[in-house]
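In: Mind looking at a prediction? Sequence and model below.
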2 protein chains.
Amino acid sequence: MRIYDWHAAPNPRRVHIFLAEKGLSVPLEEVADGMKLKEEYKQNFPQAMVPILELDDGTVIGEAMAICRYFEESYPDPPLFGTEPISKAKVHMWETRANEEGFLAFGELFRNTHPDFVDRGLPGSAEPIPQIPALIDRAKGRIRRFYKKLDDQLSDNVFVAGDSYSVADITALCAVDFGAWTEMGVADDVASGCPNVKRWHAIVSARPSAST
Amino acid sequence: MRIYDWHAAPNPRRVHIFLAEKGLSVPLEEVADGMKLKEEYKQNFPQAMVPILELDDGTVIGEAMAICRYFEESYPDPPLFGTEPISKAKVHMWETRANEEGFLAFGELFRNTHPDFVDRGLPGSAEPIPQIPALIDRAKGRIRRFYKKLDDQLSDNVFVAGDSYSVADITALCAVDFGAWTEMGVADDVASGCPNVKRWHAIVSARPSAST
């Protein structure tokens, strides 16, 4: 078993944190070279995304949360996707929001501004995808709305999906820290009106899993 | 218990099909008026998205797949999220792809072209979001890549995540049929080179759940 990894990138970090919370260790194979995936990896996996989990029987699982799902079902404790119907649904809801409204918005801002991504406006395409300047402001608006929604949710919840730490916290943390690659990180102006996000960010960042 | 619904819209359809496959019936309350959500609903749920599940104890679950997750955990048979770690991970992987690479791409094309959505380029925002013309071609490229990826996957799988019908089929079907609201539906040119998608589409569309 191994995970094809780009250790510094935000999306694989979701899996690193998840495995650390579970107390699991899986061999990682670095497939990036600086700010790009290695050519050999792109030839083997033309979809060119990370992370990918390869099992001993050759089964290949892509998508960060699908990899986490595999380990959750194989090693249920501690539970990170909820424990009964309502908590499982709330974790699913908030992980979806942290991904679609947070993670993907930070990615949109980063990919449409960073000079190394000038022809990589979207992930997972072998064709060049030009940056679209109009997306910069749109992404900033998405991020402002995400911070506000997260702050409201954390005003009466310790963690993103309620009383327990879950994959919703993992995706939200990786999203917000992705913001530090842009001008929209938790230390920047946009988050200054979000005290609940700042409190939560300090708590989840202090867990050993956040430093893996 | 009830579901706030926009019956004709693609996202709530994911839940309609899921409930029909489970043999469950949940009261639906229509909250759209033509091509817009009713003002009263937007005031009660400022996030202004559908569907939303409201449980008898007042718990509110948003996000289509989170609602499906609630019913999967409450009524496990027939299983629609997989049955053991590998199949659960594969369903999660392909549902994620059907959503992020399919559903969201069709939504991007629709919202950036349809005259009724001129100030609704993204869902879930109270502020107007202008359409971005450059997104039209980008969305078409995303959709072409999604059709190709789905066709490859269906070349040796009966269903999207393998041998069994799952939520990955539900999201992929609602995505592809969303295409019929644009010029990128399964009957249009772009899908003409995707025989496996066409075969699969005929099979899943013939299930009674597809007509709910």
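Out: Sure, I can see it.
In: show me where chain A has strands.
Out: A:2-5, A:28-30, A:32-33, A:36-37, A:52-54, A:60-62 (DSSP state E).
In: quick one, which of those strands is nearest to B:F178?
Out: Of all the strands of chain A, strand A:60-62 sits nearest to B:F178, with 23.1 Å by CB to CB. In short, each C-beta sits where N, CA and C put it, glycine included.
In: Name every strand pairing with that closest one and say which way it goes.
Out: strand A:52-54 (antiparallel) (DSSP bridges).
In: what residues does the strand it pairs with touch?
Out: With contact meaning CB atoms under 8 Å, 6 or more residues apart in numbering or on different chains, strand A:52-54 is reached by A:1-4, A:15, A:26, A:45, A:60-62, A:67, A:70, B:89.
In: In stretch A:193-207, which residues are buried?
Out: The neighbour-count check on stretch A:193-207 (16 or more other CB atoms under 10 Å in any protein chain shown) flags A:194, A:197-198, A:200-201, A:204 as buried.
In: measure the nearest residue in space to A:W181 that is not next to it in sequence to chain B for me?
Out: Nearest residue to A:W181 in three dimensions, chain neighbours excluded: A:F110, at 5.5 Å (CB to CB, 6 or more residues apart in numbering or on different chains). A:F110 sits 16 Å away from chain B, going by CB to the nearest CB, to the nearest Å.
In: Show the pLDDT at the residue of chain A most remote from its centre.
Out: Within chain A, A:D57 marks the point farthest from the mean C-alpha position, 27.0 Å out by CA atoms, centre = their mean. Looking at A:D57, its pLDDT reads 96.
In: out of the contacts of strand A:52-54, who has the most neighbours?
Out: B:A89 (28 neighbours; other CB atoms under 10 Å in any protein chain shown).
In: measure the closest residue to it other than its chain neighbours to A:G62 for me?
Out: Spatial nearest neighbour of B:A89, excluding adjacent residues (CB to CB, 6+ apart): A:Y70 at 3.8 Å. Distance, A:Y70 to A:G62, by CB to CB, to the nearest Å: 11 Å.
In: What is the neighbour count of A:P128?
Out: Applying other CB under 10 Å, I find that A:P128 has 9 neighbouring residues.
In: Got the phi and psi for it?
Out: phi -70, psi 140 (degrees, to the nearest 10).
In: what pLDDT does it get?
Out: Confidence score, pLDDT, at A:P128: 92.
In: list the contacts for the closest residue to A:G162 other than its chain neighbours?
Out: Here the nearest residue to A:G162 in space, its sequence neighbours aside, is A:K90; by CB to CB, 6+ apart that works out to 5.8 Å. With contacts defined as CB under 8 Å, 6+ apart, A:K90 is in contact with A:82, A:161-162, A:168, B:61, B:66.
In: got it, and A:S74?
Out: By CB under 8 Å, 6+ apart, the contact set of A:S74 is B:P85.
In: Near A:P130, how many other residues are there?
Out: Around A:P130 there are 14 residues (other CB under 10 Å).
In: Correction: the previous question concerned A:E84.
Out: 10.
In: Would you mind measuring from the nearest residue to A:Y75 once chain neighbours are set aside to A:I170?
Out: For A:Y75, ignoring the flanking residues on the chain, the nearest one in space by CB to CB, 6+ apart is A:K22 at 5.6 Å. Counting by CB to CB, the gap from A:K22 to A:I170 is 11 Å.
In: and if you look at A:P123?
Out: From A:P123 to A:I170 the distance is 19 Å (CB to CB).
In: Who has more neighbours out of these two?
Out: The residue with more neighbours, out of A:P123 and A:I170, is A:I170; 28 against 17, by other CB under 10 Å.
In: any idea how far B:H201 is from A:A175?
Out: Taken as CB to CB, the span from A:A175 to B:H201 is 34 Å.
In: ditto for A:E30
Out: For A:E30, the distance to B:H201 - CB to CB - is 40 Å.
In: just checking, which of the buried residues of stretch A:193-207 belong to helices?
Out: Assignment to helices by DSSP state H places the following of the buried residues of stretch A:193-207 there: A:197-198, A:200-201, A:204.
In: hmm, the longest helix seen in chain A touching chain B?
Out: Using DSSP H, we find that the single longest helix of chain A is helix A:134-154. Yes: Helix A:134-154 reaches chain B (CB under 8 Å from any CB of the partner chain) through A:134-135, A:138, A:141-142, A:145, A:149.
In: By neighbours, which of those wins?
Out: A:R142 (24 neighbours).
In: who's in contact with the closest residue in space to that residue that isn't next to it in sequence?
Out: Excluding its sequence neighbours, the residue lying closest to A:R142 (CB to CB, 6+ apart) is A:A105, at 3.6 Å. Applying CB under 8 Å, 6+ apart to A:A105 gives the contacts A:139, A:142-143, A:146, A:175.
In: Show me the beta-bridge partners of the closest residue to A:I61 other than its chain neighbours.
Out: Leaving aside its sequence neighbours, A:I61 sits nearest to A:L53 (CB to CB, 6+ apart; 4.4 Å). Beta-bridge partners for A:L53, by DSSP bridges, are A:I3, A:I61.
In: ok, A:L53 to A:H16 distance?
Out: On the measure of CB to CB, A:L53 and A:H16 end up 12 Å apart.
In: cool, and A:G82?
Out: On the measure of CB to CB, A:G82 and A:H16 end up 21 Å apart.
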